[in-house]
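Participant: Dropping the sequence and predicted coords here.
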Amino acid sequence: MKRSELLFSTIKVPLDYLAMISAALSAYFIRYLPITQNFRPVVFDLPFKDYMPIVLGIGVFWLIIFSLAGLYTIGGTKKITEELTKIFIACSAGLALVLAVMVFSRYLFDSRFIILVSWLLAILYISIERLLVHLIQKMAFKVGIGVHRIIIIGNNYVAKNLIKEFQNRPLLGYKVVDQIHDFDNLSFIRLRQMAQDDKFDEIIQADPNFSLEQKKIMVDFADEFHLIFKYSADMIGTQLTNLEIQTINGLPIIEVKRTKLDGWGRIYKRVFDIIISVLLIIILSPLLILIALFIKLDSSGPIFFKYKRIGQYGKPFVYFKFRSMIKNAHQYRFDQEFLEKNENLRAGTPMMKFKNDPRITKFGRLIRRWSIDELPELFLVLTGKISLVGPRPHEIEEVEKYSRYHKKLLAIKPGITGLAQVSGRSDLNFEQEVKLDIYYIENWSLGLDLQILLKTPAAVIKKRKSQ
């Protein structure tokens with residue numbers, strides 16, 4: 001662990017606390033400004049000497065919530081969007097704690113205005129503070145401070161992707177010093193000389209196909225020179241990401257969990273789905289009625305397109321959305337003449353996506369371009385058939401062609417949007433989509449759901465190959 005990482009992670013604690021206190025002080029003084037009092041007169045007496053002890057105490061509890069939210073992880077959050085999302089969630093949890101204490105203690109704080117403004121300013125101040133820390137860290141990386149100097153061993157696609165990622169995202173703080181294709185005696189001598197000259201401080205074994213003897217030599221070498229050793233897991237290692245250990249009769253029993261979305265996580269996600277889907281249905285109801293009318297005027301056929309798709313655990317359910325194609329368009333996917341004339345962008349995979357699909361109506365092309373045809377899926381979210389965020393629900397014919405690895409997508413409910421959709425939508429190939437969705441399944445969190453939902457509008461606006 002780099003000293004700079006320890007410093008940046010540690011300094012965030014007092015900086016966050018100062019930002020919280022500053023937010024509370026700003027809210028207090030804003031409340032007593034003449035312009036604020038003209039809008040809402042002060043009808044309470046809240047001396048500053050009584051206010052400050054409350055603020056200082058609440059700030060400590062907020063730091064605990066920030067810690068539980070993962071905002072003080074050593075090394076920090078690599079993506080600023082993830083960090084800002086965590087700040088919003090943590091501040092909201094802190095606000096909920098304050099309100100809960102008020103309810104259960106039957107203590108009514110003198111000003112709801114101060115509470116709400118403190119919450120908003122805390123999000124703003126802490127976000128600005130974290131952005132400044134990221135900026136300073138970025139400047140440090142540019143002059144070589146805190147950068148992880150790494151040697152990548154291997155010449156497979158993993159090694160190439162790592163090198164590309166480190167080059168494209170310098171904020172990760174990694175610099176590839178060298179790449180060793182084959183770990184042989186000459187390579188070992190070369191590594192030893194570089195280690196003695198202090199040319200690098202980390203080794204990443206990107207290729208999992210080295211022999212056990214070679215792996216042991218790498219580990220021993222890293223221990224000898226006090227280097228960090230990392231490795232890319234093979235298929236088995238990838239599958240064993242979520243482990244839970246239980247002791248039964250004195251014996252440790254390891255359960256391989258398919259997803260973190262279990263227990264309370266499943267409850268949280270369902271409650272979140274219900275609240276958001278109800279709000280969106282109410283807000284969008286005039287638009288839904290208007291779209292239904294235009295569909296009837298544009299072409300003959302039903303308003304909704306209904307057919308079966310595969311949901312959680314491989315169970316089929318009736319899926320529906322606004323019809324954007326001609327009547328009985330689904331049958332053309334089995335028409336050999338149609339398949340020969342139209343390019344399938346997902347050729348060689350279980351899925352079918354046609355470039356410039358001729359089955360799409362004029363109005364259908366418009367609503368598909370902006371994903372408006374999928375708005376009725378909110379009713380499927382409300383009834384529990386799908387979720388707001390998750391893998392896309394695939395068709396029965398597609399799922400029948402899944403390999404065993406692909407069937408991991410069925411571990412959770414499908415969703416309206418997902419990690420694959422905000423990372424490229426239908427422009428991704430099938431295997432890329434599968435990897436992203438499986439990553440989501442194995443690393444689910446409410447924060448990740450919120451990030452995906454916030455990124456969805458931008459993904460909808462972005463043009464794609466198939467419509």
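Facilitator: It's in. Residues are numbered from 1 along each chain as shown.
Participant: following the lengthiest helix in the chain, which helix or strand comes up?
Facilitator: Selection of the longest helix in the chain by residue count, based on DSSP state H, yields helix 264-298. As assigned by DSSP states H and E, the chain's next helix or strand after helix 264-298 is strand 304-310.
Participant: What are the contacting residues of that next one?
Facilitator: With contact meaning Cβ atoms under 8 Å, 6 or more residues apart in numbering, strand 304-310 is reached by 316-325, 330, 376, 393-396, 399, 410, 414. No exception for glycine: its C-beta is placed from N, CA and C like everyone else's.
Participant: coming back round to it: run the chain-centre distance for the longest helix of the chain.
Facilitator: Taking Cα atoms, centre = their mean, to the nearest Å, one finds helix 264-298 lying 22 Å from the centre of the chain it belongs to.
Participant: For it, name the packing helices and strands.
Facilitator: strand 316-322, helix 362-369, helix 377-382, strand 387-389, helix 446-461 (3 or more Cβ pairs under 8 Å, 6 or more residues apart in numbering; DSSP states H and E).
Participant: So which of those is the most surrounded?
Facilitator: Across these, averaging neighbours per residue (mean count of other Cβ atoms under 10 Å) puts strand 387-389 on top, at a mean of 26.
Participant: gap between that one and the chain center?
Facilitator: Its chain's average C-alpha position is 13 Å from that of strand 387-389, according to Cα atoms, centre = their mean.
Participant: partner strands of that strand, parallel or antiparallel?
Facilitator: When pairing is defined by DSSP bridges, strand 387-389 lines up against strand 415-417 (parallel).
Participant: got a list of contacts for stretch 135-147?
Facilitator: 2-5, 8, 76, 170-171, 173-175.
Participant: Closest to M52 out of those residues?
Facilitator: Nearest to M52 among those, counting by Cβ to Cβ, is F8 at 29.1 Å.
Participant: How about the contacts made by the closest one?
Facilitator: 76, 133, 136-137, 146.
Participant: among the contacts of stretch 135-147, which two are most distant?
Facilitator: R3 and P170, at 19.4 Å, using Cβ to Cβ across the contacts of stretch 135-147.
Participant: These two: which has the busier surroundings?
Facilitator: Per other Cβ atoms under 10 Å, whichever of R3 and P170 has more neighbours is P170, with 13 against 9.
Participant: can you tell me which helix or strand the spatially closest residue to the more buried one that is not a sequence neighbour belongs to?
Facilitator: Counting by Cβ to Cβ, 6 or more residues apart in numbering, P170 lies nearest to F141, which is 6.0 Å off, once chain neighbours are set aside. Using DSSP H and E, F141 falls within helix 112-142.
Participant: can I have the following helix or strand past that helix written out in PDB, keeping just the CAs?
Facilitator: Moving toward the C-terminus from helix 112-142, the next helix or strand (DSSP H and E) is strand 148-153. Output in PDB follows, covering the C-alpha atoms of strand 148-153 (Å, rounded to 0.1, in the frame of the first residue of the first chain):
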ATOM      1  CA  HIS A 148       1.800   1.700  -8.700                       C
ATOM      2  CA  ARG A 149       4.600   0.500 -11.000                       C
ATOM      3  CA  ILE A 150       3.600  -2.900 -12.200                       C
ATOM      4  CA  ILE A 151       5.000  -5.800 -14.200                       C
ATOM      5  CA  ILE A 152       2.400  -7.800 -16.200                       C
ATOM      6  CA  ILE A 153       3.200 -11.400 -16.700                       C
END
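Participant: For strand 148-153, which strands pair with it and how are they oriented?
Facilitator: Within its sheet, strand 148-153 is paired with strand 174-180 (parallel), strand 202-205 (parallel), according to DSSP bridges.
Participant: which of the ones you listed is buried the deepest?
Facilitator: strand 202-205 (a mean of 21).
Participant: now that one, how far from the chain's geometric center?
Facilitator: 26 Å.
Participant: tell me the mean pLDDT for that strand?
Facilitator: Mean per-residue pLDDT for strand 202-205: 84.
Participant: hmm, who's touching it?
Facilitator: 148-154, 162, 191, 215, 218, 221-222, 227-232.
Participant: if we go to 7 Å?
Facilitator: The contact list for strand 202-205 (Cβ atoms under 7 Å, 6 or more residues apart in numbering) reads 148-154, 162, 218, 222, 227-232.
Participant: next one: stretch 364-383
Facilitator: Contacts for stretch 364-383 (Cβ under 7 Å, 6+ apart): 273-274, 277-278, 280-281, 284, 288, 291, 304, 320-322, 324-325, 360, 386-388, 416, 460, 467.
Participant: Just want the angle from whichever helix or strand A100 is part of to helix 446-461.
Facilitator: Using DSSP H and E, the element containing A100 is helix 80-105. Helix 80-105 and helix 446-461 are oriented at 130 degrees to each other (axes from the mean of the first three to the mean of the last three Cα atoms, to 10 degrees).
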